[in-house]
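1. Here's my sequence, what's the structure:
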Amino acid sequence: MVEAVQDAGVVVTGAGGGIGAALARRFAAGGARVVVNDLDGDRAKAVAEEIGGIAVPGDASAIVGDAREALGGTVDVYCANAGVAFEDGGEAGPLDERTWAAAWDVNVMAHVRAAHELLPSWLERGAGRFVSTVSAAGLLTMIGAPSYSVTKHGAYAFAEWLSLTYRHRGVKVHAICPQGVRTDMLAATGSAGDLVLQPTAIEPAAVADALFRGIEEDRFLILPHPEVAEYYQARAADPDRWLSGMNHLQRKWEEAR
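-> Numbering: from 1, shown residues only. Reported below is the predicted structural model:
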């Protein structure tokens with residue numbers, strides 16, 4: 001673990017709060033040089049000042065170059081953590097073009113763009129680490145949030161592709177898939193999040209702890225809520241039974257509303 005983190009150049013997007021800030025703090029505590037990115041420049045600067053990092057505010061899709069320069073030319077670890085969530089599957093149906101466009105851009109394409117920028121140098125030197133903050137919704141699904149569920153499936157699939165394509169060339173990939181985490185994003189999931197996620201929600205620091213255990217054990221899939229593994233297995237083993245269970249949650253949510 002010391003070798004993986006000590007003096008590493010680390011970038012964390014969406015690090016002005018929540019999981020991103022927890023990741024930035026944990027990497028800095030391990031001796032890494034951390035770039036803190038967030039759309040909100042004031043929040044990025046506050047976290048950077050707290051941990052002795054470097055604030056690089058802006059769109060997560062376009063900061064690799066500036067972050068690399070801030071770190072002296074090399075990014076060793078890139079945490080694609082910035083994300084958006086919407087409660088967009090109510091009575092009006094699942095189609096809101098602006099919601100879908102934002103979800104695809106932030107939850108999927110920002111990861112793709114970052115990897116495109118990072119891979120040439122990583123492959124040249126045979127080393128690099130890409131950390132994708134996905135969600136348990138990327139393995140399962142989430143009621144009331146179609147754009148979030150679908151794009152998190154996409155983010156997970158892209159992380160899988162990166163890992164299977166480049167692991168023999170020194171690129172390490174980790175996909176973090178928590179359920180509820182006490183962040184602003186959890187609040188954005190609305191009443192569905194209150195029903196499904198709040199009861200077992202954990203602190204952002206617990207997610208950072210889970211990632212560091214995964215790095216130490218060289219694991220791709222990081223499950224801060226271990227029970228997600230059982231749900232994932234049940235979904236694969238008997239999709240209809242799993243869908244019936246999720247539909248039960250959907251009906252319970254509709255009744256509560």
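2. From residue 20, how far out is the residue nearest the centre of the chain?
-> Geometric centre of the chain, nearest residue: residue 133, 1.3 Å, by Cα atoms, centre = their mean. Separation of residue 133 from residue 20 (Cβ to Cβ, to the nearest Å): 8 Å. All C-beta spots, glycine's among them, are computed from the backbone N, C-alpha and C.
3. before we move on, back to that, just list the residues touching the residue nearest to the centre of the chain, thanks.
-> Taking Cβ atoms under 8 Å, 6 or more residues apart in numbering, we find residue 133 in contact with 14, 19, 20, 79, 80, 81, 83, 176.
4. what secondary structure does the second one sit in?
-> So that's residue 19. helix (DSSP: H, G, I helix; E, B strand; the rest coil).
5. How about residue 143?
-> coil.
6. what about it, how many residues close to it?
-> 23 (other Cβ atoms under 10 Å).
7. so what pLDDT did it get?
-> With respect to pLDDT, residue 143 scores 87.
8. could you point out where the stretch 151-257 of the chain is predicted with low confidence?
-> Residue ranges of the stretch 151-257 of the chain with pLDDT under 70: 186-190, 192-193.
9. coming back round to it: what residues are up against the closest residue in space to the residue nearest to the centre of the chain that isn't next to it in sequence?
-> Leaving aside its chain neighbours, residue 133 sits nearest to residue 81 (4.2 Å; criterion: Cβ to Cβ, 6 or more residues apart in numbering). For residue 81, the contact set (Cβ under 8 Å, 6+ apart) comprises 12, 13, 14, 15, 19, 20, 23, 131, 133.
10. Show me which residues of the helix of greatest length in the chain are buried.
-> In the chain, assigned by DSSP state H, the helix with the most residues is helix 146-166. Neighbour counts using 16 or more other Cβ atoms under 10 Å place 146-156, 158-159, 162-163, 166 of helix 146-166 among the buried residues.
11. Looking at those, which one is closest to residue 125?
-> Proximity of those to residue 125 (Cβ to Cβ) peaks at residue 166, which lies at 12.6 Å.
12. Would you check that that closest one makes contact with residue 115?
-> No. Residue 166 is beyond contact range of residue 115, at 9.2 Å (criterion: Cβ atoms under 8 Å).
13. need the strands for the stretch 1-150 of the chain, in chain order.
-> Taking DSSP state E, counting those that start in this stretch, the strands of the stretch 1-150 of the chain run over residues 9-12, 33-36, 54-55, 77-80, 128-133.
14. Give me the sheet partners of the shortest one and which way each runs.
-> Meaning strand 54-55. Using DSSP bridges, the strands paired with strand 54-55 are strand 33-36 (parallel).
15. export the partner strand as CSV, just CAs?
-> Only the C-alpha atoms of strand 33-36 are listed here, as CSV (Å, rounded to 0.1, in the frame of the first residue of the first chain):
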residue,chain,number,x,y,z
ARG,A,33,0.2,14.6,-3.8
VAL,A,34,-3.5,15.3,-4.5
VAL,A,35,-5.2,17.4,-7.0
VAL,A,36,-8.7,18.3,-5.8
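16. what's in contact with it?
-> 7-12, 15-16, 20-21, 24, 27-28, 44-45, 47-48, 51, 53-56, 67, 70-71.
17. Buried subset of the residues you listed, written for ChimeraX?
-> Restricted to buried positions by 16+ other Cβ under 10 Å, the ChimeraX selection for the contacts of strand 33-36 reads:
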select :8,9,10,11,12,15,16,20,21,24,27,28,44,45,47,48,51,53,54,55,56,67,70,71
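18. In contact with residue 45: list those residues for me.
-> Counted by Cβ under 8 Å, 6+ apart, residue 45 has contacts 36, 55, 57.
19. so which of the residues you listed comes closest to residue 102?
-> The closest of those to residue 102 turns out to be residue 57 (Cβ to Cβ; 18.6 Å).
20. phi, psi of that closest one?
-> Dihedral pair for residue 57: phi -70, psi 160, per degrees, to the nearest 10.
21. Spit out the contact partners of it.
-> Residues in contact with residue 57, defined by Cβ under 8 Å, 6+ apart, are 37, 38, 39, 40, 41, 44, 45.
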